[in-house]
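Student: I'd like to go over a predicted model; first the sequence, then the structure.
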Amino acid sequence: MKHIKKIIGTFILIGCMLQLSAQQPMENTMSQYFQSRMLWNPGFTGADGSKIYALQNRSWIGFDGAPVMTALTGEFLFGTNSAVGIQVVSDITGIINKTFGVLNYAYRIKLNKDDQLRIGISLAVSSDRLNSGYIDQGGAADPLLVNSINQNAQFDGNIGFVYKSNVLAIGASFFRIRENFSVKDGSGANLSIGQIGGTYDINVNDKVQIKPLMMLRFYRTTSSLFDIGAQFDFNNLINTMIVYQTSGNMRVGGGLRIKNIADLNLYYNSNVKIANSASQQYELGLCFHLKGKQ
């Protein structure tokens, strides 16, 4: 039984490694919808105030070498209309440890008292290396895979635009600009091109708020992925989230706010294995709110 489990785990890891090469680092996180929107669009940097957000996303619990992504992000306001964001991400799958560093800058253009346009850019650097801990535990490293790992730093960038009012937020972001423009049609990995999404705030009463969400992701060679869902906020203390993806996945979870100082969030993604969708995931997020909001 132990050997069968290892064999199954190996096939899963191979599939995941192929998928990771086509993914934006934070593309499949569940925190991106409401808790840390900077993760999918640099234009949202600082839009929800200064804060620090840490998350860990785990897939396929019970398999050795299953994907584990750990991220620490920060958003900080400065000046009248500017904000800077920092992301540090470690994405470990089997013997491969992918490390990302992203620096964001966003500028706000006030259209009137309530409406604003936000423009964000980001510079990303990434590198791959072997996860020596997995090899020391008896994992086997395929020489072809080892030779294909690019340990040199790779640079790229993203750009995002956001229109934001008191109740509406609509954004569009474009990923891996250099890589997507340099890859010829029909070659390379199935790169993610970008996302378009929006939310709308509905105040049911003084204690209940509903925030519907729609989001569309675009890919180079396969069909787009559509998300639709909502977050329900109760008394600014407890929130719940449910999102349906056209792949068949369901994403659910919730959070607890502690005196407007910190949020603790837990999410689950159902296990539907279809291209461009995340398989079974568990994600834990912790947010610390700092003073100041644009």
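Tutor: Everything's here; your move.

Student: where does the stretch 1-150 of the chain have low pLDDT?
Tutor: 1-27, 61-65, 131-150 (pLDDT under 70).

Student: now do 80
Tutor: 1-28, 60-66, 93-96, 128-150 (pLDDT under 80).

Student: strands of that one, start to end?
Tutor: All strands of the stretch 1-150 of the chain, identified by DSSP state E, counting those that start in this stretch, fall at 51-59, 68-78, 82-93, 96-110, 116-130.

Student: what would these look like in a markdown table with mean neighbour count and distance to Ile242?
Tutor: C-betas here are computed from N, CA, C, even on glycine. Output for the strands of the stretch 1-150 of the chain, formatted as a markdown table (neighbours: other C-beta atoms under 10 Å; distance: least, C-beta to C-beta, whole Å):
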| stretch | mean neighbour count | distance to Ile242 |
| --- | --- | --- |
| strand 51-59 | 20 | 18 |
| strand 68-78 | 19 | 22 |
| strand 82-93 | 19 | 26 |
| strand 96-110 | 19 | 28 |
| strand 116-130 | 18 | 27 |
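
Student: want to try CSV for those strands, with distance to Gln280 as columns?
Tutor: Output for the strands of the stretch 1-150 of the chain, formatted as CSV (distance: least, C-beta to C-beta, whole Å):
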stretch, distance to Gln280
strand 51-59, 6
strand 68-78, 13
strand 82-93, 14
strand 96-110, 20
strand 116-130, 24
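
Student: quick one, which of those gets closest to Ile258.
Tutor: strand 51-59 (13.4 Å; C-beta to C-beta).

Student: for the closest one, name the packing helices and strands.
Tutor: Contact here means 3 or more C-beta pairs under 8 Å, 6 or more residues apart in numbering; DSSP states H and E; on that basis strand 51-59 packs against strand 68-78, strand 281-289.

Student: re the thing from before, out of the strands of the stretch 1-150 of the chain, which gets nearest to Asn236?
Tutor: Smallest distance to Asn236 across those (C-beta to C-beta): 15.4 Å, for strand 51-59.

Student: what's stretch 160-177 in contact with?
Tutor: Contacts to stretch 160-177, defined as C-beta atoms under 8 Å, 6 or more residues apart in numbering, come from residues 24, 27, 37, 40-44, 47, 114-122, 124, 156-159, 180, 191-202.

Student: re earlier: and the strands of the stretch 1-150 of the chain: which comes nearest Met214?
Tutor: Of all the strands of the stretch 1-150 of the chain, strand 116-130 sits nearest to Met214, with 18.8 Å by C-beta to C-beta.

Student: so what strands line up beside the closest one?
Tutor: Sheet pairing for strand 116-130, assigned by DSSP bridges, gives strand 96-110 (antiparallel), strand 154-164 (antiparallel).

Student: returning to what we had before: so which of the strands of the stretch 1-150 of the chain is nearest Val252?
Tutor: The closest approach between Val252 and any of the strands of the stretch 1-150 of the chain, judged by C-beta to C-beta, belongs to strand 51-59 at 14.8 Å.

Student: for Asn180, which three-state class applies?
Tutor: Three-state assignment for Asn180 (DSSP: H, G, I helix; E, B strand; the rest coil): helix.

Student: in this structure it contacts Tyr219, no?
Tutor: No: applying C-beta atoms under 8 Å, one finds Asn180 not in contact with Tyr219, separated by 10.4 Å.
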